[in-house]
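Q: sequence and predicted structure below; questions after.
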Amino acid sequence: MVLEHQIRFCISPEGARIAYTAVGQGPALVIPPAWVSHQELGWQDPLARGFYERLAHHHTVVSYDRPGTGLSDRNRTDFSVDSDVRDLETVVDHLKLKRLALMGFSCGGPVAVAYATKHPRRVSHLILYGTYACGAAITTEEVKASLISLVRAHWGIGSKALADVFAPGADAALSELIAKFERECATPEIAAKLLDLTYNAEVVQLLPSIRVPTLVLHRQRDRTIPFRLGRELASLIPNAHFIPLEGKDHLPMYGDSNSLLRAIAEFLGDPFTVGQTAESGKPAAPDLTVAVDDPLAHEARSFIGGLDWVVLSRYRVVGDYTRYEETVRNTVKDIRHKIAGGFDRPGRKRNNHLFWAAPGSGK
């Protein structure tokens with residue numbers, strides 16, 4: 001199915017231009033953005049496009065860029081769930097949607113929860129995938145601070161590291177595509193502030209008041225948002241239906257998207273047909289892909305790839321640091337032996353140590 005994809009704009013109460021798209025036909029299915037997004041570039045990823053097109057077989061799928069990201073105005077000063085809810089209200093009101101299904105994934109989940117409790121008569125179905133109610137419970141304070149600092153100071157390395165965590169099942173080309181996409185979506189500062197918002201979002205107190213039919217789905221080996229948070233989320237929503245899914249990819253369009261889409265279709269009462277997924281076939285990557293033999297890409301990927309749990313504050317990865325910007329060299333100049341510290345999965349009584357130095361570095 002080839003769908004018309006036109007980018008339009010509406011204006012928030014704060015005066016920000018919000019870029020949005022509405023594709024397909026049928027009852028509205030509104031998907032608030034997760035961490036960062038880009039209405040034009042996101043459509044160039046064949047797997048992401050295919051995911052949204054399949055949802056659009058029976059629905060008008062509405063998505064948009066948060067202010068500060070993508071094609072929306074890049075200036076943003078209010079980083080809060082309340083601000084994100086106002087942006088969602090702006091898009092819904094602009095489109096004059098009286099009734100809609102709402103799907104929140106990743107850090108779009110708390111926004112969907114808040115909107116559903118504020119406008120219960122408008123929401124026909126609430127779908128929550130790979131998300132949480134308490135951002136503070138995602139990981140330790142040490143890891144949060146390290147990730148935010150990494151994104152803010154070294155966006156190139158940070159985007160590659162996070163791409164591997166978001167889609168650990170992706171091949172090298174797809175991982176590079178995701179990292180490139182992240183960097184195009186937002187500046188390092190905006191990305192860091194939105195990541196901080198993710199860790200500070202808190203909607204636990206709203207869950208018992210949800211009165212709309214709710215489906216909660218979570219992949220059991222999700223490395224970004226732990227599975228236990230999805231299960232806890234479902235347990236606090238009255239009459240919520242919880243479906244554990246196989247897989248480790250956090251982003252819904254990667255990995256076995258068929259299982260996810262089938263569950264959503266059944267919940268919404270739609271027919272379902274099997275489509276191509278990242279596991280059943282890999283279309284050629286679009287022009288956003290950067291060179292796979294980029295040494296920096298390999299450093300980030302080889303360091304993160306294959307790890308079940310990574311405490312970023314406890315390691316540094318340094319190659320031939322003469323090719324880095326001066327600020328990066330200053331950060332790592334004191335790491336004489338380029339040692340990556342021990343990393344543990346919580347609950348295991350063992351320490352793993354990785355020692356790595358660039359060949360010929362003499363360190």
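A: Structure received. Numbers count the residues shown, from 1 in each chain.
Q: alpha carbons only for contacts and neighbour counts from here, please
A: Will do.
Q: in this protein, where is pLDDT below threshold?
A: Low-confidence segments of the chain (pLDDT under 70): 1-2, 274-363.
Q: again, 80 this time
A: 1-4, 272-363 (pLDDT under 80).
Q: show me the strands in it, by range?
A: Taking DSSP state E as the criterion, the chain contains strands spanning 8-11, 17-23, 28-31, 60-64, 100-105, 123-129, 214-219, 241-245, 339-343, 352-355.
Q: now tell me what touches the fourth one from outside.
A: Right, strand 60-64. With contact meaning Cα atoms under 8 Å, 6 or more residues apart in numbering, strand 60-64 is reached by 18-33, 37-39, 52, 55.
Q: thinking again about what came up before, closest to residue 267 out of the strands of the chain?
A: Among the strands of the chain, strand 214-219 comes nearest to residue 267, with 7.3 Å by Cα to Cα.
Q: give me the angle between the closest one and strand 241-245.
A: 10 degrees (axes from the mean of the first three to the mean of the last three Cα atoms, to 10 degrees).
Q: let me know the angle separating strand 214-219 from strand 123-129.
A: 20 degrees.
Q: how near is the residue lying closest to residue 75 once chain neighbours are set aside to residue 228?
A: Leaving aside its sequence neighbours, residue 75 sits nearest to residue 68 (Cα to Cα, 6 or more residues apart in numbering; 5.4 Å). Look at residue 68 and residue 228: by Cα to Cα, to the nearest Å, they are 31 Å apart.
Q: and the helices in the protein?
A: 46-55, 81-94, 109-118, 141-153, 155-166, 172-185, 188-200, 227-235, 257-268, 295-304, 326-332 (DSSP state H).
Q: residue 271: how many residues sit nearby?
A: Using other Cα atoms under 10 Å, residue 271 has 10 neighbouring residues.
Q: any idea how far it is from residue 59?
A: Distance from residue 271 to residue 59, by Cα to Cα: 12 Å.
Q: kindly report the same for residue 116.
A: 19 Å.
Q: domain ranges for this structure?
A: 8-139+199-268, 315-363 (automatic domain parsing).
Q: most packed of those domains?
A: domain 8-139+199-268 (a mean of 20; mean count of other Cα atoms under 10 Å).
Q: now residue 241, nearest residue through space, not along the chain?
A: Nearest residue to residue 241, sequence neighbours excluded (Cα to Cα, 6+ apart): residue 215, at 4.9 Å.
Q: do residue 117 as well
A: In space, residue 117 comes closest to residue 210 once its chain neighbours are excluded; the distance is 5.5 Å by Cα to Cα, 6+ apart.
Q: from memory that neighbour sits against residue 236, does it?
A: No - Residue 210 is beyond contact range of residue 236, at 9.4 Å (criterion: Cα atoms under 8 Å).
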